[in-house]
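Engineer: The following comprises the amino acid sequence and a computationally predicted model.
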Amino acid sequence: MNEQTSTILLTGATGGIGQAVAKALAKQGANLVLQGRSKERLALLLSELDTTLGQQHQIVSADLTLAADRQRLIARVNSLPLTGLINLAGVNQFVLFEQQSAQAIEDTLFTNVTATMLLTQGLISKLKLADKAVIINVGSILGAIGHPGYVTYCTSKFALRGFSEALARELADSNIKVKYLAPRTTSTTLNSDAASAMNQALGNHTDSPQWVASQLLALLQGQGARQNLGWPEKLFVAINGLLPNVVDKSINKNLALIKRFLVTQ
């Protein structure tokens, strides 16, 4: 995909990774439609984007969990020469599953999975009009490795990974490429203080949003269909697929430490 002739819809644009992706894409010449819930934060991000190559960026304040807002967003981009969709919008909660509210479970699954699927479905016919088009779903390493404290989040990202794989195969004979990016822990406000403290105690590496954005652009421009980020997380994904008992033992060894941060919230 040539970014200088691209029009890309980016959801979750005002998040940490979203802002970094928007700035990186704009710098390369893409025309962007930025979705987020806060009109004020979207306007601020818009003012920071590169337009030196004549780009025309737009913002749409919308709640993707609301059907009317999704349809309004779809209507906006249907008038544009859309070539890409990057699904970044998502929510997370670090909490013991038995203590998580029913509303939080429903909100996480609907935001991270159902809303993403419905928006994507509503734009496939538009993307088919482009010579080449791409959909990138941003998941998580926790979409391949179940982890204590993230039961609902893991469930949503496992589902998003499956959605990406199945849709990619269904659209393999079309002009649309479907890709999946799985970052590890990233330094954004999506992580609670307790989650950040746990990661520090466990010695887990944390990536910057800018680095994750650079990896997303590499996936966008390359031929690969999926990318897991980080080492040794990549290795853990492979081991978990082949020998899940090995990963069970590794996580169980740290379970008491993990739960210490969960119960002190």
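Structural biologist: Received it, and whenever you're ready, just let me know what you need.
Engineer: Check the separation of the first and last residues in stretch 178-187.
Structural biologist: This stretch, stretch 178-187, spans 26 Å end to end (CA to CA, to the nearest Å).
Engineer: Can you list the low-confidence ranges for the stretch 1-150 of the chain?
Structural biologist: Applying pLDDT under 70 to the stretch 1-150 of the chain picks out residues 1-4.
Engineer: can you map out the helices along it?
Structural biologist: Per DSSP state H, counting those that start in this stretch, the stretch 1-150 of the chain carries helices over the ranges 16-27, 39-47, 67-78, 102-109, 115-127.
Engineer: Touching, Lys177 and Asn137? I think so.
Structural biologist: No: using CB atoms under 8 Å, Lys177 is not in contact with Asn137; the gap is 11.7 Å. Where you see a C-beta, it was placed from the backbone N, CA and C, and this is true even at glycine.
Engineer: what's the closest of the helices of the stretch 1-150 of the chain to Leu53?
Structural biologist: helix 16-27 (8.7 Å; CB to CB).
Engineer: and the angle for that closest one with helix 39-47?
Structural biologist: 30 degrees (axes from the mean of the first three to the mean of the last three CA atoms, to 10 degrees).
Engineer: Which elements pack onto helix 16-27?
Structural biologist: Helix 16-27 is packed against strand 7-10, strand 31-36, helix 209-221, with contacts defined by 3 or more CB pairs under 8 Å, 6 or more residues apart in numbering; DSSP states H and E.
Engineer: Looking at these, which is nearest to Ala172?
Structural biologist: helix 209-221 (17.3 Å).
Engineer: what's the distance between the residue positioned nearest the centre of the chain and Lys177?
Structural biologist: The residue lying closest to the centre of the chain (CA atoms, centre = their mean) is Val138, at 2.8 Å. Here the criterion is CB to CB, to the nearest Å. By it, Val138 lies 15 Å from Lys177.
Engineer: Same question for Pro183.
Structural biologist: 19 Å.
Engineer: So for the two, which sits in the more crowded spot?
Structural biologist: Pro183 (24 against 20; other CB atoms under 10 Å).
Engineer: Identify the residues contacting the nearest residue to Arg226 once chain neighbours are set aside.
Structural biologist: Leaving out its chain neighbours, the residue that sits closest to Arg226 by CB to CB, 6 or more residues apart in numbering is Tyr180, at 4.4 Å. Residues near Tyr180 by CB atoms under 8 Å, 6 or more residues apart in numbering: Ile136, Asn137, Val138, Gly139, Leu160, Arg161, Ser164, Glu165, Ala168, Ala225, Arg226, Gln227.
Engineer: Out of these, which end up buried?
Structural biologist: When the contacts of Tyr180 are checked for burial by 16 or more other CB atoms under 10 Å, the buried set is Ile136, Asn137, Val138, Gly139, Leu160, Arg161, Ser164, Ala168, Arg226, Gln227.
Engineer: Thanks a lot, see you next time.
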